[in-house]
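Engineer: Task: produce atomic coordinates for the following.
(2 chains)
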There are 2 protein chains.
Amino acid sequence: MRRPQREALTDVPERVTIYEVGPRDGLQNEKTLVPVEVKAEFIRRLVAAGLDTIETTSFVPPQWVPQLADSAALLGLLGEVGRGRNRPVLVPNERGLEAALAQGVQAIAIFGSATETFARKNLNRGLQESIAMFAPVAQRARNEGLWVRAYVSMCFGDPWEGDVPIAQVVDVASQMMDLGCDQLSLGDTIGTGTTGHVHRLLDALDIKGIGVERIGVHFHDTYGQALANTLAALAHGVSVVDASTGGLGGCPYAKSATGNLATEDLVWALDGLGIKTGVDLEALVETSVWMAGHLGRPSPSRVVKALAGSSGAGDDA
Amino acid sequence: MRRPQREALTDVPERVTIYEVGPRDGLQNEKTLVPVEVKAEFIRRLVAAGLDTIETTSFVPPQWVPQLADSAALLGLLGEVGRGRNRPVLVPNERGLEAALAQGVQAIAIFGSATETFARKNLNRGLQESIAMFAPVAQRARNEGLWVRAYVSMCFGDPWEGDVPIAQVVDVASQMMDLGCDQLSLGDTIGTGTTGHVHRLLDALDIKGIGVERIGVHFHDTYGQALANTLAALAHGVSVVDASTGGLGGCPYAKSATGNLATEDLVWALDGLGIKTGVDLEALVETSVWMAGHLGRPSPSRVVKALAGSSGAGDDA
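Structural biologist: The predicted structure is shown next:
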């Protein structure tokens, strides 16, 4: 299989942790209902391909996200593979946390919004009320010894409000981290962010005391900027990157939105830079092709498109 | 229309010159034969959208590229709009140059290969023989006062040879520039390059005395790396970027290859960084939608996909 020519740089992290969101953020926006057995197999394949951290599902009310209504059954099927501090699940409130704890979950992710409007649309309450809703969830999770991640959505633009002031993102992120979270994920939910924006936001978070070692980045490729923005974050010292195998998913609030950064496209970029990820790209591409068959449409990942069906150098010549 | 939040950086060029390759490199790989009147209108629209430098067509033998067999007729239709030092045409040999000169062309581009195999496949002669073929073309063009660009293909990987040593690229690039060319364009013809590779090649060219002020970069998005690689080049001081409106084109030797970097995706990134391009993004997107209608397929540009049909902020919410 073709690989990038390795030309390493010295001013980048030696290793990047890919936080794989395909099974949750990816699948939740897919209209085709995927059988629970297929989801379990998807996660097993991702583990086999070398992905370390995988967000497996969410414990939100079934009517919010019908695709993930099978979360308890999925974890039941997965057994030990679905548990551990590197198998977080998304939870919106104490009820969701209870359901997750009942399944033996050891890591969770909560999800705030950088804007008032998206908080109301996504969480049905104001920005401050939503943080107040997450406070007891984070507290209880900490008491139970769980690892906790805080997503913040709409950090780089909002479909209703337009520009989002950096100070506002820093304020929300600080409040979320003050709940006792272990990791922050900065979400460009509609994909409008650009590389200067990434640097400026990370600068501002650093001044506030939220260092890059606690920050992950989550870019969508709606405007083709996801990989460039991710590499801008790495240049800034970030070493946790959210990505979705095969580029599954997107934002239900952004029409025609292309989905998350494809894990394969990220791995290609990091391989070329000599940055370790632990991922077997060939196995990952095979997984995306397999999943595309279940979804009935080709993967939007460029690497998957380029490599699927070609077996080696010169094969496409 | 939605725009990126502008968060400028100080360590990037104030202005970038987009070298638009859609009418030539883009269209030459399209199977649908485009009428010459449509090509002329395409170029007029690109000019109206603010693109300064546009490669209009090529004067290669018609059997090589049937799509561009109408180059003389196209320039006839375009009149003054199609002439000038910022309207180069591709020429392979002295015969092509004669035909271009007969049309009053004032700028040309010649095209070498960084690898022996691609030289033989694309030019039907060895690497050194192909440079020897270009020598009298460049000489004659200089004598006529023309502006001359030198493309070098396969700078970041070759479908037959695999890795391409940086020293080999530097050697070919130096020989091409020694013919008296004004500008060098580094081509990642199969799209496999990554950002570290970009930095290392530019470092090596700089040591050889080919400074960034004479270098343009030409990335294909086959593996999703085109925009990231382009921004890596800008960080290195490059300020001339090849792009294709709507992401038209690709490499005929790379199966399933996604095409050139889309001009719209590039403009989005540069707008966000506060870098001037002179381009009216809305007019450009309209042009891509119009051209997609003629080609009978949607544009692969992510920005075009995201913006076409949405009229403003919140519209896709």
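Engineer: switch to C-alpha atoms for all contacts and neighbour counts from now on
Structural biologist: Fine.
Engineer: isn't residue A:8 right up against residue B:196?
Structural biologist: Yes. Using CA atoms under 8 Å, residue A:8 is in contact with residue B:196, at 5.7 Å.
Engineer: For these two, list the residues in contact with both.
Structural biologist: Taking CA atoms under 8 Å, 6 or more residues apart in numbering or on different chains as the contact rule, residue A:8 and residue B:196 both touch A:272-273.
Engineer: And these two? Which one has more around it.
Structural biologist: residue B:196 (23 against 20; other CA atoms under 10 Å in any protein chain shown).
Engineer: ok, now which ones touch that one?
Structural biologist: A:7-9, A:272-273.
Engineer: between these, which is closest to residue A:216?
Structural biologist: Residue A:216 has its nearest neighbour among the contacts of residue B:196 in residue A:273, at 19.1 Å by CA to CA.
Engineer: Distance of the residue nearest to the closest one when sequence neighbours are not counted relative to residue A:243?
Structural biologist: Excluding the flanking residues, the one nearest residue A:273 by CA to CA, 6 or more residues apart in numbering or on different chains is residue A:8, at 4.4 Å. Distance from residue A:8 to residue A:243, counting by CA to CA, to the nearest Å: 22 Å.
Engineer: Also residue A:82?
Structural biologist: Applying CA to CA to residue A:82 and residue A:243 gives a distance of 18 Å.
Engineer: Settle it for me: which of those two has more neighbours?
Structural biologist: Higher neighbour count among residue A:82 and residue A:243: residue A:243, with 32 against 27, using other CA under 10 Å.
Engineer: would you say the more buried one is within a strand?
Structural biologist: Yes. According to DSSP: H, G, I helix; E, B strand; the rest coil, residue A:243 belongs to a strand.
Engineer: Enumerate every residue touching it.
Structural biologist: A:18-22, A:218-219, A:260-263, A:266.
Engineer: I'd like the residues you listed as CSV, with secondary structure, pLDDT and distance to chain B appended.
Structural biologist: As requested, the contacts of residue A:243 are exported to CSV (DSSP: H, G, I helix; E, B strand; the rest coil; pLDDT from 0 to 100; distance: CA to the nearest CA, whole Å):
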residue, secondary structure, pLDDT, distance to chain B
A:18, strand, 98, 17
A:19, strand, 98, 19
A:20, strand, 98, 18
A:21, coil, 98, 19
A:22, helix, 97, 18
A:218, strand, 98, 16
A:219, strand, 97, 14
A:260, strand, 93, 13
A:261, coil, 97, 10
A:262, strand, 97, 9
A:263, helix, 98, 11
A:266, helix, 98, 9
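Engineer: What's the PyMOL syntax to select whichever of those residues are buried?
Structural biologist: Selection of the buried residues among those in PyMOL, burial being defined by 16 or more other CA atoms under 10 Å in any protein chain shown:
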select buried, chain A and resi 18+19+20+21+22+218+219+260+261+262+263+266
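Engineer: which residue ranges form the helices in the stretch 201-317 of chain A?
Structural biologist: Counting by DSSP state H, counting those that start in this stretch, the stretch 201-317 of chain A has helices at residues A:226-235, A:263-273, A:281-295, A:302-307.
Engineer: closest one to residue A:40 among these?
Structural biologist: Taking those one by one with CA to CA, helix A:281-295 is closest: 11.7 Å.
Engineer: Pull out the buried residues from that closest one.
Structural biologist: A:281-282, A:284-289, A:291-292, A:295.
Engineer: Any regions of the stretch 101-250 of chain A where pLDDT drops low?
Structural biologist: A:250 (pLDDT under 70).
Engineer: Which residues of it lie near chain B?
Structural biologist: Contact residues, the stretch 101-250 of chain A versus chain B (CA under 8 Å from any CA of the partner chain): A:156-157, A:159-164, A:192-197, A:200, A:221-225, A:227-228, A:231.
Engineer: repeat that with 7 Å
Structural biologist: Residues of the stretch 101-250 of chain A lying near chain B by CA under 7 Å from any CA of the partner chain: A:157, A:159-160, A:162-163, A:192-197, A:222-224, A:227-228.
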